[in-house]
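A structural model of the following input is requested.
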Amino acid sequence: EVQLVESGGGLVQPGGSLRLSCAASGFTFSSYAMSWVRQASGKGFEWVSRINNGGDSTRYADSVKGRFTISRDNAKNTLTLQMNSLKPEDTAVYYCAKYSSGSYYSSTDYWGPGTQVTVSS
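Model (predicted):
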């Protein structure tokens, strides 16, 4: 059974940092691309960042480029999102998502339950 469990969310002041993690199990983690997606209250889903199965290719939404860094540890089955210079508009539930192949041009097929990130003074 595929399981994705996010952690690391919380309340942080503007300009602060948070590090989100996603623990993956139930599949061969190193074979699949992964992504972080977020949803602010009352809004639609927004793709944040994606990474291919090998970890050598990444993409970012313009809204987070230069502030967020996605990475993965295939030996530990873990996906990470380092978020720096956080803004109030980054407040959202952040989801870890698995793609159906090693390429992030495929579709996502599993999502975690999400972790809340709140940026406020």
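
how far out from the middle of the chain is the lowest-mean-pLDDT helix or strand in the chain?
Within the chain, no helix or strand scores below strand 108-111, which has a mean of 95 by mean pLDDT, DSSP states H and E. Centroid separation for strand 108-111 versus its chain: 12 Å, with C-alpha atoms, centre = their mean, to the nearest Å.

helix or strand right after that strand?
strand 115-119 (DSSP states H and E).

how far off centre is that following strand?
12 Å.

give me the most central residue, the protein.
W36 (2.6 Å; C-alpha atoms, centre = their mean).

any idea how far S121 is from it?
24 Å (C-beta to C-beta, to the nearest Å). Every residue, glycine included, has its C-beta placed from N, CA and C.

all strands of the chain, in order?
Listed in chain order, the strands of the chain (DSSP state E) span 3-7, 10-12, 18-25, 34-39, 45-51, 58-60, 68-73, 78-83, 92-99, 108-111, 115-119.

name the residues of the second one that are buried.
So that's strand 10-12. Residues V12 are the ones in strand 10-12 that count as buried (16 or more other C-beta atoms under 10 Å).
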